[in-house]
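S.K.: I would like to see how this sequence folds:
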Amino acid sequence: MTDFNGILTVPVSVNDGEAGSNTFSLSVTVTPVNDPPVITTALSTPEETPLTPDASPLTISDPDSSAFTLAVQDGTGYTRSGNTITPETDFNGTLTVPRSPAWMRRTLRDTGPA
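M.R.: Numbers count the residues shown, from 1 in each chain. Modelled structure (predicted):
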């Protein structure tokens, strides 16, 4: 069950190869964990035009929080200065830009000459 937390009751029994025990209800406490945010938006920029993504135009969902900090990470096919991404010269296509935390990734589509 996705995102379940609370008390889980599991029926268990043991068997020694010759006889089985009565069923016992084992109580397991499942503690909540922080679920990572998920980004589901693509961004576009004209060829060789820097782009500084921020959280506002992105569709970000997180069942645990509504506050986000976006940090672009180093990658291939572009240079980075802070959170500003500049695609390589004459690059036209799709970049996958890692963000912090590392599991947050977003696709940047270079739309060709400005």
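
S.K.: how about low-confidence regions in this protein?
M.R.: By pLDDT under 70, the weakly predicted segments of the chain are 99-114.

S.K.: hmm, 90 instead?
M.R.: 1-4, 19-20, 32-79, 82-114 (pLDDT under 90).

S.K.: which residue of it lies farthest from its centroid?
M.R.: Taking C-alpha atoms, centre = their mean, the residue of the chain most remote from its mean C-alpha position is Glu18, at 49.0 Å.

S.K.: next, the nearest residue to Gln73 once chain neighbours are set aside: secondary structure please.
M.R.: Excluding the flanking residues, the one nearest Gln73 by C-beta to C-beta, 6 or more residues apart in numbering is Pro98, at 4.1 Å. The C-beta positions use only the backbone N, C-alpha and C, and glycine is treated the same way. At Pro98, secondary structure determined by DSSP: H, G, I helix; E, B strand; the rest coil is strand.
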